[in-house]
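Novice: need coordinates for the following:
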Amino acid sequence: MKGVFLFLIGLFCGVVGYVSIISRLLLQFSPAQPCTTTTDTTNHHHHHATTPSRFHSRLRFVMVVGLEGTGHHFMGQIAKHAPPLMTTLKELGLIRELRILQKSLFDHFHPTQGLWNAHCALRNATTINMATLQDTVVQQLAAMEQQYTQQQKSTATSVIHVPLNTAFDQRGVGMMSYPNFYGNCRKLNYPSLELLYRACDLAQVDCGHVYLDRSPSALLYSTTRNRQLGSGSLAESLHLYKSMYHIVESQLRAFASRTWGCFELFHNDNNNNNNNQQQQLGQLWGYPSDREFSSFWNQTYKPPQPVPPNWIPPSMEPSFDAVQQAHQRVWRVCQQAYRGTLRDDD
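Specialist: Model (predicted):
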C-alpha cells in the first residue's frame with residue numbers, strides 16, 4: 001500500500017513538472033504580442049474625448065496637420081473658445097509656455113532656433129545643432145506637463161488637449177501648415193511629425209494629430225487666386241500642393257496610431273457640416289456639451305467665397321487631376337488610421 005501511495009505521489013509530481021515545462025516552452029516560442037496603447041477614460045469632464053495614451057500624460061498635445069487654406073485659423077478659433085481649455089491654460093500660465101514651444105518648433109525670423117525650419121538658415125550658418133533644438137523641445141514639453149500636473153487643483157485625473165498650432169499664432173510662427181510661411185525656403189517649410197513625436201516620446205508626453213481636409217479646387221482658389229500665396233502661379237501651386245499631399249500621406253502612414261481625427265471644416269464649402277464631425281470637434285477641445293459647441297459653430301462659421309465652376313483651365317487638367325488623386329489618397333489614409341484599420345508604416 002505504501003508503495004502504491006509513493007507511486008501516485010511521484011506520478012502527480014511528474015505531471016505537474018511536465019505541465020510546467022510545456023507552459024514555459026509555449027511562452028517562449030509563442031509570437032510576441034504587439035505593444036498596444038491604452039485609452040485613458042478617467043477624464044474629469046464627461047464630454048471630453050478620449051485619445052490613445054502611451055504615457056498617460058494629463059496634457060495631450062495636438063498637431064493640426066493640413067495644407068494651407070484648409071482651415072487652420074478657424075480651427076484656432078474653435079480651440080480658443082473652448083471654455084475648459086482656455087480657463088485651464090490661463091489659470092496655470094501655460095499660454096506663455098505654449099508660445100515659447102511654438103517658437104522652438106518654427107521660427108521664420110530665426111531659423112537656426114526652429115526645429116522644423118533650421119534647414120532654412122543661411123548657408124554660412126554654422127551654429128545649427130539639431131540635437132540641441134530637439135532637447136529644447138523635449139524640456140519644454142516635459143515642463144508643461146509637470147507644471148500642469150503639479151498645479152492642477154482637482155484630485156481627479158483630468159486630461160486636456162492642447163493645440164500645438166493654430167490657436168495662439170504669433171509673428172514668425174504662422175499656422176505651421178503644409179507649406180508654412182513665405183520666402184525662398186517656402187517649399188521646404190512644413191512640419192515634421194517624425195521630429196515632433198521623437199521629442200514627445202523623450203519627454204514622455206502624449207502627442208497626436210488631427211488632419212484638416214478641403215477640396216483641391218476650393219483650396220487652390222482660396223490660396224492662389226484670392227490670397228496670392230507664393231508666386232500666385234497656378235502651375236507652381238499645383239505642383240507644390242501635390243508634393244505636400246505626398247508628404248502628409250507618408251507622415252499619416254508612419255504614425256497612423258496617433259491619428260485623433262479627420263475633419264473637413266469647409267464641408268462642400270458651405271455650412272452643411274455634418275453633426276458627427278461637430279460632435280467630435282467639440283469633444284476634442286472639451287466643450288461642455290454638443291449644444292454649446294453647435295451654438296458656437298452657428299455663430300462663428302462664415303462660408304468661404306463660392307468657387308466658380310470650371311475655373312481651372314483645361315490646359316492644367318492633367319496637373320489638377322494628379323492633385324485630386326493625391327488628395328483622395330490622403331483622406332482615405334486618414335480615415336483608415338482613425339478607424340484603426342491602418343497600422344504604423346503600413
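Novice: how about low-confidence regions in the stretch 201-346 of the chain?
Specialist: By pLDDT under 70, the weakly predicted segments of the stretch 201-346 of the chain are 268-274, 346.
Novice: and the strands in it?
Specialist: Counting by DSSP state E, counting those that start in this stretch, the stretch 201-346 of the chain has these strands, from start to end: 206-212, 259-263.
Novice: residues of the longest one that come out buried?
Specialist: Put plainly, it is strand 206-212. Neighbour counts over strand 206-212 (16 or more other CB atoms under 10 Å) mark 206-212 as buried. For the C-beta atoms, the positions are set from N, CA and C on the backbone; glycine is no exception.
Novice: right, and Thr224 touches Ala235 too?
Specialist: No - assessed by CB atoms under 8 Å, Thr224 is found out of contact with Ala235, at 9.8 Å.
Novice: the spatially most central residue of the chain and Gln324: what is the separation?
Specialist: The centroid of the chain falls nearest to His209 when counting by CA atoms, centre = their mean (1.1 Å). Distance from His209 to Gln324, counting by CB to CB, to the nearest Å: 23 Å.
Novice: quick revisit: same list (the strands of the stretch 201-346 of the chain) but as TSV, adding distance to Leu220.
Specialist: Putting the strands of the stretch 201-346 of the chain into TSV (distance: least, CB to CB, whole Å) gives the following:
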stretch	distance to Leu220
strand 206-212	15
strand 259-263	19
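Novice: bridged to the residue nearest to the centre of the chain, which residues?
Specialist: Met63, Thr259 (DSSP bridges).
Novice: and it, what does it touch?
Specialist: His209 makes contact with 62-65, 193, 252, 255, 258-260, according to CB atoms under 8 Å, 6 or more residues apart in numbering.
Novice: and if you look at Gln77?
Specialist: Thr300.
Novice: got it, and Ala79?
Specialist: Contacts of Ala79 by CB under 8 Å, 6+ apart are 85, 163, 166-167, 285.
Novice: at 6 Å instead, please
Specialist: The neighbours of Ala79, taking CB atoms under 6 Å, 6 or more residues apart in numbering as the test, are 163, 167, 285.
Novice: on the three-state scheme, the second one is what?
Specialist: Same thing as Ala167. coil (DSSP: H, G, I helix; E, B strand; the rest coil).
Novice: quick one: residues contacting it.
Specialist: Ala167 is in contact with 76, 79-80, counting by CB under 6 Å, 6+ apart.
Novice: for Ser177, state which of those is nearest.
Specialist: Gly76 (11.4 Å; CB to CB).
Novice: how much space separates that closest one from Ile128?
Specialist: For Gly76, the distance to Ile128 equals 29 Å [CB to CB].
Novice: can you report how many residues neighbour the spatially closest residue to Gln279 that is not a sequence neighbour?
Specialist: Leaving out its chain neighbours, the residue that sits closest to Gln279 by CB to CB, 6 or more residues apart in numbering is Asp290, at 5.4 Å. Other residues within reach of Asp290, judged by other CB atoms under 10 Å, total 14.
Novice: which stretches of the stretch 151-300 of the chain form helices?
Specialist: 193-203, 216-220, 234-254, 275-284, 290-300 (DSSP state H, counting those that start in this stretch).
Novice: tell me which other helices or strands the shortest one touches.
Specialist: Helices and strands touching helix 216-220, as assessed by 3 or more CB pairs under 6 Å, 6 or more residues apart in numbering; DSSP states H and E, comprise helix 317-339.
Novice: relative to Phe263, how far out is the residue nearest to Asp345 when sequence neighbours are not counted?
Specialist: Spatial nearest neighbour of Asp345, chain neighbours left out: Ala254 (5.6 Å); criterion: CB to CB, 6+ apart. The spacing between Ala254 and Phe263, counted by CB to CB, is 20 Å.
Novice: neighbour count winner among those two?
Specialist: More crowded of Ala254 and Phe263, by other CB under 10 Å: Phe263, with 24 against 15.
Novice: who does that one bridge with?
Specialist: With DSSP bridges as the rule, Phe263 is bridged to Leu212.
Novice: so Phe293 touches Gly286, yeah?
Specialist: No - assessed by CB atoms under 6 Å, Phe293 is found out of contact with Gly286, at 9.8 Å.
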